[in-house]
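Enquirer: only geometry, no sequence info:
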């Protein structure tokens with residue numbers, strides 16, 4: 001039950017941050033910070049509401065998953081893929097939390113790994129062609145450079 005709740009939190013955090021970022025035009029940093037602050041304050045004032053394991057891990061999973069929601073809609077705009085990246089993040093977090101112990105930036109690194117893992121999956125584009133996510137990312141990055149020149 002604890003693990004299921006962490007996966008739900010991770011899925012919800014990435015989607016809600018992306019929604020606040022893109023639909024409500026709050027920007028990526030403000031969206032992530034605002035939602036993470038709400039969760040952190042909630043668990044600060046109600047530490048005994050859930051088990052100590054969940055009280056410790058839910059804020060960390062939420063903050064890390066909110067980093068995924070900071071992604072630009074030009075790179076990935078499918079809510080299902082963003083939620084999937086949140087689930088991948090929770091899996092990475094649960095399996096490598098001891099490995100990253102003592103390192104700074106562990107949540108951001110795990111979020112980047114999760115987002116890249118989802119981007120590497122084949123993505124069905126609007127034209128109906130199946131393409132690789134990294135190929136799509138490369139195309140986006142290089143098309144910006146060509147437009148600037």
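Expert: Nice, thanks for sending it over. Just so we're clear, the structure is a prediction, and the values are computed from it rather than from any experiment. Numbering: from 1, shown residues only.
Enquirer: for the protein, which spans come out with low pLDDT?
Expert: Low-confidence segments of the chain, defined by pLDDT under 70: 97-104, 122-138, 140, 143-149.
Enquirer: so where's the longest helix in it?
Expert: In the chain, with assignment by DSSP state H, the single longest helix is helix 2-22.
Enquirer: Checking residue 25 next. Helix, strand or coil?
Expert: The local conformation at residue 25, judged by DSSP: H, G, I helix; E, B strand; the rest coil, is coil.
Enquirer: Any idea how many residues pack against it?
Expert: Neighbourhood size, residue 25 [other Cβ atoms under 10 Å]: 9. Backbone N, C-alpha and C define where each C-beta goes, glycine included.
Enquirer: try the one 4 residues further on
Expert: Applying the criterion other Cβ under 10 Å, we find 10 residues in the vicinity of residue 29.
Enquirer: In space, what's closest to it - neighbours in sequence excluded?
Expert: Nearest residue to residue 29, sequence neighbours excluded (Cβ to Cβ, 6 or more residues apart in numbering): residue 70, at 7.2 Å.
Enquirer: Look up how far residue 117 lies from that neighbour.
Expert: 17 Å (Cβ to Cβ, to the nearest Å).
Enquirer: more neighbours, these two?
Expert: Neighbour totals were compared for residue 70 and residue 117, and residue 70 leads with 20 against 16 (other Cβ under 10 Å).
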